[in-house]
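In: give me the fold of what follows.
(2 chains)
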Amino acid sequence: MNRILILFAHPRFEKSRVNRALLQEAGRVPGVTLHDLYEHYPDFNVDVAREKALLAAHEVIVWHHPFYMYGAPALLKQWIDLVLEYGWAHGPGGDVLKNKFVFNALTSGGAREAYAADGLHRFSFEEFLTPFRQTAALCHMVDLPPFVVAGTYRLTETDLKTHAALYGDLLARLSRGDFRIETVRRFALLNDWLAEDPEGRRP
Amino acid sequence: MNPAFLQDALIYLATALVFVPVARRLGLGSVLGYLIGGILIGPHFLGLIGGEGKDILHFAEFGVVMMLFLIGLELEPAHLWRMRRLILGTGSFQMGVTTLCFLGAFLLLGFPWQAALASGLALSMSSTAIVLQTLKEKGLDRTQSGRSAFAALLFQDVAVIPILAALPLLALYTAPVPDGASRTFLEGLPGWAQTVALLGTVGLVILGGRFVAVPFLRFIARLRLRELFTVSALFIVVATAYIMGRVGLSPALGTFLAGVVLANSEYRHELESDIEPFKGLLLGLFFIGVGASINFHLIVIRPLEILALVGGAIAIKLLVLCLTGRVARMSFDQTLLFSVSLSQVGEFAFVLFSFMYQLHLLPAEWTDRMMGVTAISMTVTPLLLLVSERLILPRFGTRETEEKATDAVDLRPPVIIAGFGPFGSTVGRFLRANGVQATILDTDSDRVDLLRKMGFTVFYGDATRLDILQAAGADRARILIAAIGSPDINQDLVEKVQQRFPHLTLMVRAQGRPDAYTLMDMGIRNIYRESLDTSVRLGIDALVKLGFRRYSATRAGQNFLKYDEAAMHRLAPHRHDESAYIFTTREQVELQERLLAHDREANPALNDHAWDSEARVDRPPDAETGP
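Out: Residues are numbered from 1 along each chain as shown, chains lettered A, B, ... in the order given. Model prediction:
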């Protein structure tokens, strides 16, 4: 079984119904560790030793955050800068994260259609996430496509439930190891992969 | 050793052990415990001690002397100077008017004017020992009434000296000189020489304190023999008292002066912690002596007369004190507290009355009555305070709770803040700024009035009283913030809350490490040392002023806080032994030493290599901009 570490970064979690629903569902999946970064490090003073230990103890890492100005909230960047140390995560001898899976789970106010060459935002989610993908590569990790809940302002309660359930399914499958990496990487978003291949292998 | 001595010691110690805890438990204060204990073991009830109550008084009066030394130690000259108006104003008004009233009353009783004046002066004294002890125990020593009471007492203590000097002038007959032992050096000298000698002695105490005692203490401290330091401290007190006594000045004044002189020295805290236990012991003995020396025989024969005298004396004193309070523009509560706490006749009256008797100013039967009145009034004070606190103030003064409009009944603040001094008020304001209402408990009626005007829910009273806690909604609230300035009272509160309201989350202010350790032993998890965060913030700013980048300094500060909290837990088991009741100064110094050593081993600042590409040993060629 793959243990999953959700590094959740949201400076206003109490106002986010979408993330509340997603995390509620995620918490039900066995083998998932929820780590609320803003709750732990309100002073941005990330405890590097502790974070390294957490990373080492999990096989799947999720950067779960709202999509702010085409990136992650500041604390997640702070976390990346501090924890993924030279000589530990990358550089000579830096192989602790080797072959761990990593992906972004993000919520965005804008709809998916707007994230396209002819849309308002001009670039796709995958393009905006380039720094994360390369960071993963630098640290010898296997980066997966992002899981995206887009257009959050217009989501109905039913939509919320669907997305949350989808997130739960995703985490459960990753935890079971019920996926082929080549297949998954063919999709732009993990959402697409789940839609294409909804059944998965029964445990 | 003389078995009779041991037996006596046993009786006194057992009395203290039995009655003081009971009195504390009942909320009566330790003074009343001693007094009641003294009455019961005295010649009129159990008869465990005979007529020697007066002898004990003479011996135990030294406790008062020590207390004045300690008071002096806490008063730096500059501080005393700042209080001069309060001391002179409050003190002279109270003493002057009280003396005049008593003078009139005794003239009506047919006293010759000399005796009436002398008795009036003696009765205008209040008891420093009782009042200061009581105010401190109740945590009221910082309120306006507490400070005024202190000022009045200080004035009286100083006034004893000229009064003692003036009494012989009032004497109807020339006083027979007592035996050689108490004969002073100065007798026989001409008047001007006496004055010069007196001034010289005072000067000697001041100069001796500054230029002899301090170097002497420094020398003793270097020997690192703890008991020798205690011996020196006692020596200073006893020597000062002796010298002053020999030239006919009050030993209490002398030691007070010595205390003030030494207040600026680096040994102030050590002297304090050395003398404190002796003072406590002797004062306890003194109160027992007061209790034992009450002449119940007299009361039994003339109950009404004594009752009238006590009542009259207290009434006159109360009235004048109320007037004093009004003149000083105190609020009703503060005035009442001030008046009731000072309404007894003080221990110096014993000295004055026995002196008057020696001078034949007062006949024996009146001396006995006056002594009785003094002792009874001292015994009654704690009871009067209790009555005013529980019965009068709640009804007529600042109310314990406010009557609220019915629609406000449902408003149940989740937070209770006990103690609304600078610390608690900052917490309260912060919570309020974030829309969280808190119920406030405070003992300073002036502050309570102000807060109520500002719309806070305030309960007025001793937070360690269960009924007040109950009324403040301790059974419904979620968090209790114990922010009382006195660690003792705060711990008392914490203990009670743990017992009676275990569901409350306790968040506790701690003064420093020793205090924090005690709280840790009590099982408190949320401990906030009042000196920690601010000091670190200042340190950060200091680093910035030295040229550090603000963010690096801030990170260093954050890490230091984390490290310090961890170090506190790590060092906790090493300290003292488990049941540290008293952290002496020396232990604090040792603790500091251990901390500094620990800092050196685990330098919390040296492990921060974040963003530090310079720290890479084998930098790749593109490291300048690289990840």
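In: what is the burial count for B:P3?
Out: 7 (other Cβ atoms under 10 Å in any protein chain shown). All C-beta atoms are positioned from the backbone trio N, CA, C, and that covers glycine.
In: quick one: the strands in chain A, in order.
Out: For chain A, applying DSSP state E gives strands covering A:4-8, A:32-36, A:60-66, A:101-107, A:142-143, A:147-149.
In: save these as JSON lines, and put in mean neighbour count too.
Out: Listed next are the strands of chain A as JSON lines, based on neighbours: other Cβ atoms under 10 Å in any protein chain shown:
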{"stretch": "strand A:4-8", "mean neighbour count": "24"}
{"stretch": "strand A:32-36", "mean neighbour count": "17"}
{"stretch": "strand A:60-66", "mean neighbour count": "24"}
{"stretch": "strand A:101-107", "mean neighbour count": "23"}
{"stretch": "strand A:142-143", "mean neighbour count": "18"}
{"stretch": "strand A:147-149", "mean neighbour count": "24"}
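In: want to throw the ones you listed into TSV with mean pLDDT?
Out: Listed next are the strands of chain A as TSV, based on pLDDT from 0 to 100:
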stretch	mean pLDDT
strand A:4-8	97
strand A:32-36	96
strand A:60-66	97
strand A:101-107	97
strand A:142-143	96
strand A:147-149	97
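In: how far away is the residue in chain A that chain B sits nearest to from B:M356?
Out: Closest approach between chain A and chain B, counting by Cβ to the nearest Cβ: A:N45, at 4.2 Å. Using Cβ to Cβ, to the nearest Å, one gets 72 Å for the distance from A:N45 to B:M356.
In: same check, this time on B:T15
Out: In this view, B:T15 and B:M356 are 30 Å apart by Cβ to Cβ.
In: ditto for A:K161
Out: Taking Cβ to Cβ, one finds A:K161 at 94 Å from B:M356.
In: again, but for B:Q156
Out: 17 Å.
In: show me what the one helix or strand B:L117 maps to is in contact with.
Out: Counting by DSSP states H and E, the element that carries B:L117 is helix B:113-123. Applying Cβ atoms under 8 Å, 6 or more residues apart in numbering or on different chains, the contact partners of helix B:113-123 are B:95, B:98-103, B:105-107, B:109, B:111, B:163, B:167, B:170-172, B:313, B:317, B:345, B:348-349, B:352-353, B:356, B:361-362, B:366, B:370, B:373-374.
In: of these, buried ones?
Out: Buried members of those, counted by 16 or more other Cβ atoms under 10 Å in any protein chain shown: B:95, B:98-99, B:101-103, B:105-106, B:111, B:163, B:167, B:170-171, B:313, B:317, B:345, B:348-349, B:352-353, B:356, B:361-362, B:366, B:370, B:373-374.
In: who does the helix or strand hosting B:I36 touch, helix- and strand-wise?
Out: When elements are assigned from DSSP H and E, B:I36 belongs to helix B:30-41. Applying 3 or more Cβ pairs under 8 Å, 6 or more residues apart in numbering or on different chains; DSSP states H and E, we find helix B:30-41 packed against helix B:3-25, helix B:128-138, helix B:268-293, helix B:364-387.
In: so can I have a markdown table of these showing distance to chain A?
Out: Converted to a markdown table, the helices and strands packed on helix B:30-41 look like this (distance: least, Cβ to the nearest Cβ, whole Å):
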| stretch | distance to chain A |
| --- | --- |
| helix B:3-25 | 43 |
| helix B:128-138 | 39 |
| helix B:268-293 | 35 |
| helix B:364-387 | 47 |
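In: would you list these in TSV and tack on distance to B:G245 and mean pLDDT?
Out: TSV is the format used below for the helices and strands packed on helix B:30-41 (distance: least, Cβ to Cβ, whole Å; pLDDT from 0 to 100):
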stretch	distance to B:G245	mean pLDDT
helix B:3-25	24	83
helix B:128-138	18	80
helix B:268-293	16	80
helix B:364-387	21	84
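In: distance to B:G428 added to those helices, as TSV?
Out: Converted to TSV, the helices and strands packed on helix B:30-41 look like this (distance: least, Cβ to Cβ, whole Å):
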stretch	distance to B:G428
helix B:3-25	30
helix B:128-138	22
helix B:268-293	32
helix B:364-387	28
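In: of all those helices, which one comes closest to A:C139?
Out: Minimum separation from A:C139 across the helices and strands packed on helix B:30-41 (Cβ to Cβ) falls at helix B:268-293, 56.1 Å.
In: what angle do that closest one and helix B:3-25 make?
Out: 100 degrees (axes from the mean of the first three to the mean of the last three Cα atoms, to 10 degrees).
In: need the next SSE after helix B:268-293, C-terminal direction.
Out: Helix B:268-293 is succeeded, C-terminally, by helix B:296-301 (DSSP H and E).
In: ok, residues contacting that next one?
Out: With Cβ under 8 Å, 6+ apart, helix B:296-301 has contacts from B:42, B:44-45, B:306, B:368-369, B:372, B:376.
In: for chain A, just list every one of the helices.
Out: Here chain A has its helices, by DSSP state H, at A:17-28, A:37-40, A:48-56, A:74-83, A:125-128, A:130-138, A:157-176, A:181-184, A:190-196.
In: closest point of chain B to chain A, which residue?
Out: Chain A sits closest to B:Q558 of chain B, with a gap of 4.2 Å, by Cβ to the nearest Cβ.
In: what about that residue, neighbour count?
Out: Number of residues near B:Q558 (other Cβ under 10 Å) recorded here: 18.
In: from the contact counts, what lies against the helix or strand containing B:G259?
Out: Per DSSP H and E: B:G259 is located in helix B:251-262. In terms of contacts (3+ Cβ pairs under 8 Å, 6+ apart), helix B:251-262 is packed against helix B:53-74, helix B:144-170, helix B:191-208, helix B:226-246.
In: could you rerun that using 6 Å?
Out: Counting by 3 or more Cβ pairs under 6 Å, 6 or more residues apart in numbering or on different chains; DSSP states H and E, the packing neighbours recorded for helix B:251-262 are helix B:53-74, helix B:191-208, helix B:226-246.
In: which of those helices comes out lowest on mean pLDDT?
Out: When the helices and strands packed on helix B:251-262 are ranked by mean pLDDT, helix B:53-74 comes last with a mean of 74.
In: show me what secondary structure element comes after it.
Out: helix B:77-82.
In: how far out from the middle of the chain is that next one?
Out: Mean C-alpha position of helix B:77-82 versus that of the full chain (Cα atoms, centre = their mean, to the nearest Å) differs by 18 Å.
In: so, low pLDDT: which residues of chain A?
Out: A:198-203 (pLDDT under 70).
In: up against chain B, what does it have?
Out: A:43, A:45, A:82 (Cβ under 6 Å from any Cβ of the partner chain).
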